[in-house]
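Asks: Okay, structure incoming, though there's no sequence with it:
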């Protein structure tokens with residue numbers, strides 16, 4: 001069965017999702033479009049618990065949450081509005097904007113809501129993109145005074161790698177990731193996780209990409225020379241980085257390294273569904289139910305970016 005339809009206008013959204021019950025039913029239908037299936041034993045029938053957003057398997061008693069919410073006091077319709085705004089608003093939305101739009105008292109609540117949604121934007125078994133693909137790396141972060149050019153790392157900057165499908169003159173899907181350094185282990189490791197083996201992969205001539213040939217890729221390096229030649233050689237990758245930097249600095253006014261991977265998740269999610277923003281809202285709700293609920297402790301604890 002197909003997933004449930006998605007609202008095509010604000011008026012439809014308001015009519016469909018005015019109550020907790022309506023929202024929970026939509027979440028269940030989004031997570032299990034073919035009917036409930038117990039994650040533990042595979043049984044097809046469950047009880048709907050009236051006190052929580054949980055389905056309890058009639059056979060083994062396993063309780064499956066239908067949301068990414070954990071310990072939240074925010075009404076579920078407001079969560080739907082947050083998902084709707086994140087998925088359909090072209091430049092994205094900041095915590096300050098979400099706080100204003102939904103009338104949320106505390107900034108920290110709006111920030112935590114967005115962080116939870118970002119963590120739900122990656123499909124658990126996401127497939128790898130296919131070639132031909134452009135791959136490049138860049139430093140993302142604030143201005144580093146005195147940092148020399150090239151690939152020498154700046155203190156507060158994060159190293160981000162992009163892989164973008166070449167589709168004629170345009171771009172297909174993208175993948176983004178934070179790596180610890182620009183060594184072969186880091187760069188090739190990212191490519192192996194993001195790009196299907198056998199794909200044609202275009203990079204610049206940095207030595208860190210050389211091992212791609214031994215990993216089953218048709219690696220084709222392009223000599224860059226002067227910095228001004230970088231964009232013409234890998235135009236799609238540079239376009240993605242330009243859009244990413246504009247979004248991070250414009251909508252969010254900068255992002256710290258600790259949480260950057262989750263902002264990259266949002267950028268990838270929105271970029272890959274840029275032509276179907278309304279469907280992206282429905283997809284986000286479906287993905288949200290496939291993840292373990294994110295606690296506030298996880299949000300505020302230290303996280304590795306490697």
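Replies: Sure thing, it's come through. This structure is a prediction, so every number in the text was calculated from the model and none was measured.

Asks: what about residue 11, neighbour count?
Replies: 9 (other Cβ atoms under 10 Å). All C-beta atoms are positioned from the backbone trio N, CA, C, and that covers glycine.

Asks: Would you verify that it is located in a strand?
Replies: No. With DSSP: H, G, I helix; E, B strand; the rest coil as the criterion, residue 11 is located in helix rather than a strand.

Asks: Could you measure from it over to residue 66?
Replies: 26 Å (Cβ to Cβ, to the nearest Å).

Asks: now swap in residue 278 and tell me
Replies: 21 Å.

Asks: Between these two, point out the one with more neighbours.
Replies: Between residue 278 and residue 66, counted using other Cβ under 10 Å, residue 66 has the larger neighbour count: 24 against 18.

Asks: hang on, isn't the more buried one packed against residue 31?
Replies: Yes. Under the criterion of Cβ atoms under 8 Å, residue 66 makes contact with residue 31 at 5.8 Å.

Asks: Compute the number of surrounding residues for residue 41.
Replies: For residue 41, using other Cβ under 10 Å, the count is 11.

Asks: ugh, wrong one, residue 223
Replies: By other Cβ under 10 Å, neighbour count at residue 223 equals 8.

Asks: Same check on residue 40?
Replies: Around residue 40 there are 12 residues (other Cβ under 10 Å).

Asks: again, but for residue 249
Replies: 13.

Asks: could you check the distance from it over to residue 90?
Replies: Relative to residue 90, and taking Cβ to Cβ, residue 249 is found at 16 Å.

Asks: before we move on, what about residue 237?
Replies: In terms of Cβ to Cβ, residue 237 sits 22 Å off from residue 90.

Asks: These two: which is more packed in?
Replies: residue 237 (27 against 8).

Asks: And the helices in the stretch 201-306 of the chain?
Replies: 230-233, 235-250, 260-272, 277-288, 296-300 (DSSP state H, counting those that start in this stretch).

Asks: Now that we have the ones you listed, can you turn them into a markdown table and tack on mean pLDDT?
Replies: Output for the helices of the stretch 201-306 of the chain, formatted as a markdown table (pLDDT from 0 to 100):
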| stretch | mean pLDDT |
| --- | --- |
| helix 230-233 | 70 |
| helix 235-250 | 94 |
| helix 260-272 | 93 |
| helix 277-288 | 74 |
| helix 296-300 | 53 |
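
Asks: Nearest to residue 118, out of those?
Replies: helix 260-272 (4.2 Å; Cβ to Cβ).

Asks: so that closest one versus helix 277-288, what angle?
Replies: 140 degrees (axes from the mean of the first three to the mean of the last three Cα atoms, to 10 degrees).

Asks: which parts of helix 260-272 are buried?
Replies: Neighbour-count burial for helix 260-272, with 16 or more other Cβ atoms under 10 Å as criterion, is recorded at 260-272.
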